[in-house]
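[1] Sequence and computational prediction follow.
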Protein chains: 2
Amino acid sequence: MTQRIFNFSAGPAVLPVEVLEEARDNLLSLGNTGIGIMEHSHRGKAYMAVHEEAEALCRELAGIPDDYHVLFLQGGASLQFSMVPMNLLRPGATADYLVTGVWSQKAVAEAQRCGQVHVACSSQDRSFSYIPSQCQFSTHPAYVHFTSNNTIFGTQFAAEPETPAGVPLICDASSDIFSRPLPIQRYGLIYAGAQKNLGPSGVTLVIIRKDLVEAGSRDLGTMLQYRTFAEDHSLYNTPPTFGIYIMGLVFKWIKQQGGLAGVERLNREKAARLYQYLDQSQRFRATAEPGSRSLMNITFVTGDAALDEKFIATAKKAGLDGLKGHRSVGGMRASIYNAFPAAGVDALLNVMRDFEQQAS
Amino acid sequence: MTQRIFNFSAGPAVLPVEVLEEARDNLLSLGNTGIGIMEHSHRGKAYMAVHEEAEALCRELAGIPDDYHVLFLQGGASLQFSMVPMNLLRPGATADYLVTGVWSQKAVAEAQRCGQVHVACSSQDRSFSYIPSQCQFSTHPAYVHFTSNNTIFGTQFAAEPETPAGVPLICDASSDIFSRPLPIQRYGLIYAGAQKNLGPSGVTLVIIRKDLVEAGSRDLGTMLQYRTFAEDHSLYNTPPTFGIYIMGLVFKWIKQQGGLAGVERLNREKAARLYQYLDQSQRFRATAEPGSRSLMNITFVTGDAALDEKFIATAKKAGLDGLKGHRSVGGMRASIYNAFPAAGVDALLNVMRDFEQQAS
């Protein structure tokens, strides 16, 4: 088999080798069933066990209490940008959004189709290079929405924003979910496309407090109401069975790493080594401001677009793929989600040091 | 490896062994990229080639002309039940639905949230055991919608229904798409969840005429408009990359079977042998009326629920899985989609003959 290289892609992203190997071994027959994992009926015993285990492991890892549903949807975070306000923003009401990058802007645009949006804070004044420390909330927001990690600009909330008492906090956690312990009870709803920290693209994890399911609009298509998924255990129609299977394997792998606290420790170590190097480098600099820096997506530049390109090509030759920054901002981005190995960070540091020496 | 058994599941359903083997070999590294198929960025060259090949093969197999888009969506046919009327049924307008089973009833229910629905025909009077030969259309329907194959009741349209000139014909073809040649130009829009004839669950194929994309409502969430997918080549957000990859492999496999005409011949042979046996059996009988019978889902009963159960258990012991009829109708159902091997039909016939002899 071809040797695996270091994949810094921002998503779909690297998955744990153990997960891929287990999936590979079950592709033609799930255990001894004689039927591959993708081919099992979603109503059959074999798949039901997979489905239930994925939910149980998710609940165990994050300590999700009984008053929250764990749902498996489709359509990615982009569909959630619409589903959240369609379900929870009544005409005439206002929702507050914290704008810290492109994904929050997209979420705002979808909410504006449904009702009033109040921007409680924005870091657009400095190219989204920081997380604002203060918010100005509206009087009675229906909810407060934020994006916990910003893949494009390499920033991340260090902790949940302070919000008005009794107002549901809603989070797009696509790019940092389960990278650290999650104080679920601070949230009304958390959603995440799987393709960064949880699995393949095509499955969206939604953790939602039961009262918000009940409060959701009933005037929507069946597949656009959270209650449809809550009432039928995400089995109203055929769910993305293979994606949920992989997610379950990833949950099991996270558990083996010491759970969310264990992966947080590993993530902090990986990111710290990169930022420490960047902060003393004469050639590279991190683009996100200290205090706002992401542990998942480390964005950096040389300050010279041509040199950036040369570095990306050099790294690629050394077996480091996906380091090109998002097409909207350029530069470099090292996405080092849970499953990204520490050895890949070492390899990147070596290439950066070599490049710095040769270019100086 | 565990020996594979015969999987008669109605969906997710059996996939070609060649497809599963190729996927297995690319799970840890797509070709020599060193990155598994699920882990490739959807914006990278390797995945883009997969994406474009899947579309190209789809167009080639069905002879899809340039005035149609081929789109990869999520949410299954159930989301299409809503998206079709949300996009194409304006307030005050009427859409005509042919009601031939549970799935068309669900499609009607979602359309009624958006506008007027006229039921142009229904076979509910005889438990959906036939396809009506006549329809009464409304004066100026926005479109005519039908379900080409009914998994639960084992019926199938032998050909497209006759419809008023100039009215777009829309089809839920989830359970028989690409099982026979498809006269695309008869249709305005065809949609299909992949998990029966095309791939794993979690990806929905939509073939839509360009004027219908343009006619679609602009007052919907971005992810609920067909134009979003049409404009960005199904890459507005991260698509279900693995599902699209598998779909591409299935298209390649269909091509190797002689294309849609080739699989139709195989499908007709498989189904004919089962119906011939059923029509002369003293123990079993087919539930769908001749002339309306599905080539994909062969539904049958003994007439005695206890005996049905005994037969299902007997077949299961012989390595034939998934023969239990849908929970709403009972009896037996042999789902024999494109990828279901002829040897499995032989095996089923043997078990039925043995059972008939022993029970008589």
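    In hand now; what should we look at?
[2] Look up the pLDDT of the closest residue to A:Cys58 other than its chain neighbours for me, please.
    Spatial nearest neighbour of A:Cys58, excluding adjacent residues (CB to CB, 6 or more residues apart in numbering or on different chains): A:Val70 at 5.2 Å. C-beta here means a position set from N, CA and C on the backbone, and glycine is covered the same way. Reported pLDDT at A:Val70 in the predicted model: 98.
[3] residue contacts, A:Val70?
    A:Glu55, A:Cys58, A:Arg59, A:Ile64, A:Leu205, A:Val206, A:Ile207 (CB atoms under 8 Å, 6 or more residues apart in numbering or on different chains).
[4] Scan those residues and report the most crowded one.
    If you count neighbours using other CB atoms under 10 Å in any protein chain shown, the busiest of these is A:Leu205, which has 25 neighbours.
[5] quick one: secondary structure of that one?
    Under DSSP: H, G, I helix; E, B strand; the rest coil, A:Leu205 falls in the strand class.
[6] Name the residues of stretch A:213-229 that are buried.
    By 16 or more other CB atoms under 10 Å in any protein chain shown, the buried positions in stretch A:213-229 come out as A:213, A:215-217, A:220-229.
[7] what sits up against that stretch?
    Residues external to stretch A:213-229 that are found in contact with it (CB under 8 Å, 6+ apart): A:69, A:71-73, A:82-83, A:86-88, A:90, A:206, A:208, A:212, A:230, A:236-237, B:75-76, B:78-79, B:81-83, B:86, B:109-110, B:113, B:224.
[8] is the residue nearest to A:Cys58 in a bridge, and if so with what?
    Counting by DSSP bridges, A:Val70 forms beta bridges with A:Ile207.
[9] Which residue, neighbours along the chain excluded, lies closest to the residue of the stretch 1-150 of chain A at minimum distance from chain B?
    With CB to the nearest CB as the measure, A:Ser82 is the residue of the stretch 1-150 of chain A nearest to chain B, at 3.1 Å. Of all residues not flanking A:Ser82 in the chain, B:Gly221 sits nearest, at 3.1 Å (CB to CB, 6+ apart).
[10] Next one: the one you found from A:His118, what distance?
    B:Gly221 is 20 Å from A:His118, where distance means CB to CB, to the nearest Å.
[11] got the residues of the stretch 151-300 of chain A near chain B?
    Contact residues, the stretch 151-300 of chain A versus chain B (CB under 8 Å from any CB of the partner chain): A:193, A:195, A:199-203, A:219-224, A:236-243, A:246.
[12] Show me which of the residues you listed are buried.
    Among these, those classed as buried by 16+ other CB under 10 Å are A:193, A:195, A:199-203, A:220-224, A:236-243, A:246.
[13] Count the residues that sit near A:Phe52.
    To be clear, residue A:52 is Glu; Phe isn't right here. A:Glu52 has 12 neighbouring residues, counting by other CB under 10 Å.
[14] in the sheet, who's paired with A:Val117?
    Beta-bridge pairing of A:Val117 under DSSP bridges involves A:Ala95.
[15] That one and A:Gln105 touch, don't they?
    No: using CB atoms under 8 Å, A:Val117 is not in contact with A:Gln105, being 10.8 Å away.
[16] closest point of the stretch 251-360 of chain A to chain B, which residue?
    For the stretch 251-360 of chain A, CB to the nearest CB, closest residue to chain B: A:Gly322, 6.1 Å.
[17] Name all residues that make contact with that residue.
    Neighbouring residues of A:Gly322 by CB under 8 Å, 6+ apart: A:Asn7, A:Phe8, A:Ser9, A:Ala10, A:Ser335, B:Ser41, B:Gly44.
[18] What of A:Gly243?
    A:Gly243 neighbours (CB under 8 Å, 6+ apart): A:Phe72, A:Ala194, A:Gly199, A:Pro200, A:Ser201, A:Gly202, A:Val203, B:Gly202, B:Pro240, B:Phe242.
[19] The same query, at a cut-off of 7 Å, please.
    Each residue near A:Gly243 by CB atoms under 7 Å, 6 or more residues apart in numbering or on different chains is listed here: A:Ala194, A:Gly199, A:Pro200, A:Gly202, A:Val203, B:Gly202.
[20] and which of the buried residues of stretch A:213-229 is nearest chain B?
    The nearest member of the buried residues of stretch A:213-229 to chain B, counting by CB to the nearest CB, is A:Gly221 at 3.1 Å.
[21] do you know how far the closest one is from A:Val84?
    As judged by CB to CB, A:Gly221 and A:Val84 stand 15 Å apart.
[22] now do A:Gln256
    Distance from A:Gln256 to A:Val84, counting by CB to CB: 33 Å.
[23] For these two, indicate the residue with more neighbours.
    A:Val84 (29 against 11).
[24] Tell me where the stretch 51-200 of chain A has helices.
    Using DSSP state H, counting those that start in this stretch, the helices of the stretch 51-200 of chain A run over residues A:76-88, A:102-111.
[25] Next, the angle from the first one to helix B:76-88.
    Here helix A:76-88 points in a direction 70 degrees away from that of helix B:76-88 (axes from the mean of the first three to the mean of the last three CA atoms, to 10 degrees).
[26] ok, now the shortest one?
    With the same axes, to 10 degrees defining the directions, helix A:102-111 sits at 60 degrees from helix B:76-88.
[27] list the helices and strands helix A:102-111 packs on?
    Helices and strands touching helix A:102-111, by 3 or more CB pairs under 7 Å, 6 or more residues apart in numbering or on different chains; DSSP states H and E, are helix A:76-88, strand A:94-99, strand A:144-147.
[28] Can you point out the buried residues in it?
    Judged by neighbour count (16+ other CB under 10 Å), helix A:102-111 contains these buried residues: A:Val102, A:Trp103, A:Ser104, A:Gln105, A:Lys106, A:Ala107, A:Val108, A:Glu110, A:Ala111.
[29] now swap in stretch A:60-78 and tell me
    For stretch A:60-78, a neighbour-count test (16+ other CB under 10 Å) marks A:61-62, A:64, A:68-78 as buried.
[30] possible to save the helices of the stretch 51-200 of chain A as CSV with mean pLDDT?
    Shown next, in CSV, are the helices of the stretch 51-200 of chain A (pLDDT from 0 to 100):
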stretch, mean pLDDT
helix A:76-88, 98
helix A:102-111, 98
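[31] how about these in TSV, adding distance to A:Val263?
    Listed next are those as TSV, based on distance: least, CB to CB, whole Å:
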stretch	distance to A:Val263
helix A:76-88	21
helix A:102-111	22
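[32] quick one, which of the ones you listed is nearest to B:Gln3?
    helix A:76-88 (37.5 Å; CB to CB).
[33] Many thanks, we can stop here.
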